[in-house]
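S.K.: Mind folding the following:
(chains A and B)
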2 protein chains.
Amino acid sequence: MSRPGTSTASGPASGTSRRGLLALGGAALAGTAAVGLAGCSDDDKPAKAAAPADRVPFYGTHQAGIATPAQDRLAFATYDLTVSGTVAENRAALRQLLQQWTAAAAAMTQGKTVPGDNDNPAAPPADTGEAYGLSPANLTITLGLGGSLFDKRFGLAGKRPAALADLPKLPPENLDPERSGGDLAIQACADDPIVAFHVIRNLARIGRGTVVMRWSQLGFGNATGNGGGKETPRNLMGFKDGTRNIPGDDTSLMDGHVWVGDETDQPWMRGGSYLVARRIRMRIEAWDRDFLQDQENVFGRAKYTGAPLTGAKETDQPDFAKKAAGGDPVIPADAHIRLAAHENNGGVRILRRGYSFTDGIVPATGELDAGLFFIAYQKDPRTQFIALQRKLGAHDALNEYIQHVGSGLFACPPGARAAGTGWAQELLA
Amino acid sequence: MSRPGTSTASGPASGTSRRGLLALGGAALAGTAAVGLAGCSDDDKPAKAAAPADRVPFYGTHQAGIATPAQDRLAFATYDLTVSGTVAENRAALRQLLQQWTAAAAAMTQGKTVPGDNDNPAAPPADTGEAYGLSPANLTITLGLGGSLFDKRFGLAGKRPAALADLPKLPPENLDPERSGGDLAIQACADDPIVAFHVIRNLARIGRGTVVMRWSQLGFGNATGNGGGKETPRNLMGFKDGTRNIPGDDTSLMDGHVWVGDETDQPWMRGGSYLVARRIRMRIEAWDRDFLQDQENVFGRAKYTGAPLTGAKETDQPDFAKKAAGGDPVIPADAHIRLAAHENNGGVRILRRGYSFTDGIVPATGELDAGLFFIAYQKDPRTQFIALQRKLGAHDALNEYIQHVGSGLFACPPGARAAGTGWAQELLA
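M.R.: Down below sits the predicted model:
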């Protein structure tokens, strides 16, 4: 549709700070300063002290959004490539897409508009606009590559890491293909849901003709200013979730369990990580009918304090050997924390980054469609997530109340090192 | 499921402050103070200065959540009664339900747990627990009664207000019955999505055996701390939405357009209001292809500044008579703000309280299922929403990009006046 009219808009120039332009009246100081710093920072520890408190550096050895402390909101989406040319053409299209996405992601994480023309009255604006004037709210954008990307279309079969083998069937799962898989995945996390949604929408738009969105999932963690990230968030079962998680700033644990190192068969993955996503529906109504003591036995923790059943405080280490007067273990044999604990799994750990979701009701049953969108990062899912889930799937008391209904496994390449470089550049070179 | 075990939990006593117990170590001072104040406040202006900054008084002349400044997050749900007894039995069940809901709502808005036993190991906790330890985050809970409640089941047909007549067909609508209607509606708004969701979940649980949830919708506005409520939020089309809305603290406008007064045929509705909810899907992909100038002509405002096309600042009053050099009006004849303006509708105004939603993609088309969950409050929908929507539906340039896909009309009774009274007490007396 097109028709005559008078535009009085003075739009933001491409690549300038949203907040700078709109709130500070044109002086894009904050954005400029942040870019200067981010461009110089490519070591493991982003230069957080110097950057404004609402933005996370984009460029670096690792992608942001993995070690970064979990923000409040998640917008997750997967996309399928729609190319139908020769291998060379398809690969060029993929390379161009990832370069455009990288540039757009770098801009959005620093609070800028999507690069392109945003103030031409006779063209669609490059940026869709719903985040104008908002802070980036600690936005991180993390790319993952699905196993299906390594098929014949792009000539990448020889570069598929062994660790990216398709996930085996992992009962009790009942996967919906419309909520599983995808050639590419984007995890956008921010302290503002509009800022996170803006990412998956604009990346779809940038890729029009090359990609289509396959599925998406919104999630929420702990609210900005409500707990302030100091307390462990609770899941929708009312229990604290993440007490024994790997701290993102523990370099030793991150190197040992999360970042891909020299052990990989594919050098382009060094410094990357593997993302497992599982949409886990909770049987909320059944759970809510369960006795408090049973709920606590299922997890192995007290509901209110989060303390292990053998302790008094949330941070107390669980004592898996401790027995009650009758001889039964205080933390039951099928308790979730016993089965998942690294002490009971040969030291295996994963970095979890899950978000709660509530997507209305299931029409067929009238029950809530709600639960945990589980995200985990690791060096190798074969020995980490898959091994843990096989055990949990067989024995976990929690299985009575949950079902895995969506799934994805993605190889997250290392970070783009500096402006002008694209995601997965080494893979596509 | 039931099995032996040892509970070490010391749960919060019923009715005590979540935050007080958990963060302050048992002294529920904040909650107690707020309740004391709220109990004394039944005039139009809640005693905000004295109450803690994170809670809104529940009791009063009007229900909270209408004049209250819009919080960041919405959880909206409708419920159907499942009673099948005599009229007297059904009405007693409805009365009991609303008394329980009122008591639970009063507690949750003040940051307390759902009343009942929360620390008995051999019973399900009364509160589902996901909001333990969180501030109420300015939670308001607003009840609406659907037209279907006034059928033969409860003997209420004679008490149905004329203003609660079923909405007529309002093209361009394409309503999904699974997202429309309901005997009861709950609008829960808070600055934390977990706190808002906790409400619609726990009210469903309290009502088990009497009500089932019919449909629900989550929405988001502007983020806590990101804009801080000082800027007008933008909708998913990238435009500021609400610039000319009725300010909730303008008593004269609220009395003139929103609160039901002596003109009603049903005295039990005095001090109440009528809620219209419309799930408005946006054709995001088509909109994103439209030129900036066209987008601005559709709304009649500049995209970045929000100024009317005849002005320079967002707050400038639109000049609907102003003509461009060629003789055409600067604000086009079919611009949304021209058609909706009270100046062009005999002074008719409504109080809007909408939230953006993004619910994944529509599987059939791969397009985003996103838009505006429109909520409006008014004295009489027949002369307000319906009249406005008939005009907009026929002429609004925006119609090319939107479709109404869900709908509800609910009579919101006045506020519960003090602890011990229930919602809609006068109706059910």
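S.K.: I'd say A:Gln110 and A:Asp54 touch.
M.R.: No. In this structure, A:Gln110 is not within contact of A:Asp54 by CB atoms under 8 Å, at 10.0 Å. Using the backbone N, CA and C atoms, a C-beta is placed for each residue, glycine as well.
S.K.: Between those two, which is the more surrounded one?
M.R.: Between A:Gln110 and A:Asp54, A:Gln110 has the larger neighbour count (other CB atoms under 10 Å in any protein chain shown), namely 26 against 21.
S.K.: what about that one, distance to A:Thr140?
M.R.: Using CB to CB, to the nearest Å, one obtains 11 Å as the distance from A:Gln110 to A:Thr140.
S.K.: Quickly list what's touching both of the two.
M.R.: A:Phe58 (CB atoms under 8 Å, 6 or more residues apart in numbering or on different chains).
S.K.: on that earlier part again, now for A:Gln110 and A:Asp54: what residues contact both?
M.R.: A:Pro136.
S.K.: sec struct for the most centrally placed residue in chain A, please.
M.R.: Closest to where the C-alpha atoms of chain A average out (CA atoms, centre = their mean) is A:Gln187, at 4.1 Å. The three-state label given to A:Gln187 by DSSP: H, G, I helix; E, B strand; the rest coil is strand.
S.K.: Also A:Leu143?
M.R.: Following three-state DSSP, we place A:Leu143 in the strand state.
S.K.: Tell me how far it lies from A:Gln187.
M.R.: Relative to A:Gln187, A:Leu143 is positioned 8 Å away (CB to CB).
S.K.: do the same with A:Thr68
M.R.: Remark: distance between A:Thr68 and A:Gln187 (CB to CB) = 11 Å.
S.K.: shared neighbours of the two, anything?
M.R.: Common neighbours of A:Thr68 and A:Gln187, using CB under 8 Å, 6+ apart, are A:Thr140.
S.K.: Pull the residues that contact stretch A:374-385.
M.R.: For stretch A:374-385, contacts defined as CB under 8 Å, 6+ apart pick out A:66, A:74, A:76, A:162-163, A:165, A:167, A:187, A:257-261, A:263, A:273-280, A:348-355, A:409, A:412.
S.K.: element containing the residue of the stretch 1-150 of chain A found nearest chain B, please.
M.R.: Nearest to chain B in the stretch 1-150 of chain A, going by CB to the nearest CB, is A:Gly129, at a distance of 2.3 Å. A:Gly129 belongs to no helix or strand when assigned by DSSP states H and E.
S.K.: What's the local residue count around it?
M.R.: A total of 28 residues lie near A:Gly129 under the criterion other CB under 10 Å.
S.K.: In space, what's closest to it - neighbours in sequence excluded?
M.R.: Distances taken as CB to CB, 6 or more residues apart in numbering or on different chains place B:Gly238 nearest to A:Gly129, at 2.3 Å, with adjacent residues excluded.
S.K.: show me the contacts for that neighbour.
M.R.: For B:Gly238, the contact set (CB under 8 Å, 6+ apart) comprises A:Pro125, A:Asp127, A:Thr128, A:Gly129, A:Glu130, A:Tyr132, B:Gln295, B:Lys303.
S.K.: mind checking which helix or strand it is in?
M.R.: Going by DSSP H and E, B:Gly238 is not in any helix or strand.
S.K.: How confident was the prediction at it?
M.R.: Here the pLDDT value assigned to B:Gly238 is 95.
S.K.: do the same with A:Gly147
M.R.: Looking at A:Gly147, its pLDDT stands at 98.
S.K.: What about it, how many residues nearby?
M.R.: Residues near A:Gly147, counting by other CB under 10 Å, number 19.
S.K.: before we move on, the earlier item: if I look at the residue of the stretch 1-150 of chain A closest to chain B, how far off is A:Val195?
M.R.: In this view, A:Gly129 and A:Val195 are 13 Å apart by CB to CB.
S.K.: which among the contacts of stretch A:374-385 end up buried?
M.R.: By neighbour count, with 16 or more other CB atoms under 10 Å in any protein chain shown, the contacts of stretch A:374-385 hold A:66, A:74, A:76, A:163, A:167, A:187, A:257-260, A:273-280, A:348-355, A:409, A:412 as buried.
S.K.: Okay, and which of the residues you listed map to strands?
M.R.: Among the buried ones among the contacts of stretch A:374-385, the members falling in strands (DSSP state E) are A:74, A:76, A:187, A:273-280, A:351-352, A:355, A:409, A:412.
S.K.: Mind jotting down where the strands sit in the stretch 301-429 of chain A?
M.R.: For the stretch 301-429 of chain A, strands defined by DSSP state E, counting those that start in this stretch occupy the ranges A:351-352, A:355-361, A:368-378, A:402-412.
S.K.: Tell me if the second one is near chain B.
M.R.: Meaning strand A:355-361. Yes. Applying CB under 8 Å from any CB of the partner chain, one finds strand A:355-361 in contact with chain B at A:Ser356, A:Thr358, A:Asp359, A:Gly360, A:Ile361.
S.K.: Next, the angle from that strand to strand B:355-361.
M.R.: Counting by axes from the mean of the first three to the mean of the last three CA atoms, to 10 degrees, strand A:355-361 points 90 degrees away from the direction of strand B:355-361.
S.K.: Tell me if I'm right that A:Ala341 and A:Ile331 touch.
M.R.: No. Between A:Ala341 and A:Ile331 there is no contact under CB under 8 Å: 9.3 Å.
S.K.: which residues do these two both contact?
M.R.: Residues touching both A:Ala341 and A:Ile331 (CB under 8 Å, 6+ apart): A:Pro318, A:Phe320.
S.K.: Pick out whichever of these two has more residues nearby.
M.R.: A:Ile331 (29 against 19).
S.K.: Just list the residues touching the nearest residue to the more buried one once chain neighbours are set aside, thanks.
M.R.: Leaving aside its sequence neighbours, A:Ile331 sits nearest to A:Gly300 (CB to CB, 6+ apart; 4.3 Å). A:Gly300 sits next to A:Pro308, A:Leu309, A:Pro318, A:Ile331, A:Pro332, A:Ala335, A:His336, A:Ile337, A:Arg338 when contact means CB under 8 Å, 6+ apart.
S.K.: Which of those lies at the shortest distance from B:Phe220?
M.R.: If you rank the contacts of A:Gly300 by distance to B:Phe220 using CB to CB, A:His336 comes first, at 31.0 Å.
S.K.: Which pLDDT value does the model give that closest one?
M.R.: On pLDDT, A:His336 comes in at 97.
S.K.: wait, isn't it in contact with A:Gln295?
M.R.: No. In this structure, A:His336 is not within contact of A:Gln295 by CB under 8 Å, at 10.9 Å.
S.K.: Those two: which is more packed in?
M.R.: Between A:His336 and A:Gln295, counted using other CB under 10 Å, the more crowded position is A:Gln295 (26 against 22).
S.K.: helix, strand or coil for the more buried one?
M.R.: Classification of A:Gln295 using three-state DSSP returns helix.
S.K.: What count of nearby residues applies to A:Ala53?
M.R.: Neighbour count of A:Ala53, defined by other CB under 10 Å: 8.
S.K.: quick check, it in a strand?
M.R.: No. Counting by three-state DSSP, A:Ala53 is not part of a strand but coil.
S.K.: Per-residue pLDDT of it, please?
M.R.: On the pLDDT scale, A:Ala53 is placed at 84.
S.K.: Same check on the one 5 residues further on?
M.R.: According to the model's per-residue confidence, A:Phe58 sits at a pLDDT of 98.
S.K.: ok, now A:Gly366?
M.R.: As predicted, A:Gly366 sits at a pLDDT of 82.
S.K.: which residue sits closest to it, ignoring its sequence neighbours?
M.R.: Nearest residue to A:Gly366 in three dimensions, chain neighbours excluded: B:Val212, at 5.2 Å (CB to CB, 6+ apart).
S.K.: ok, A:Thr243 - how many residues close by?
M.R.: Residues contacting A:Thr243 under the criterion other CB under 10 Å number 16.
S.K.: What residues does it make contact with?
M.R.: If a contact means CB under 8 Å, 6+ apart, then A:Thr243 has A:Thr232, A:Arg301, A:Gly306, A:Glu314, A:Thr315 as its contacts.
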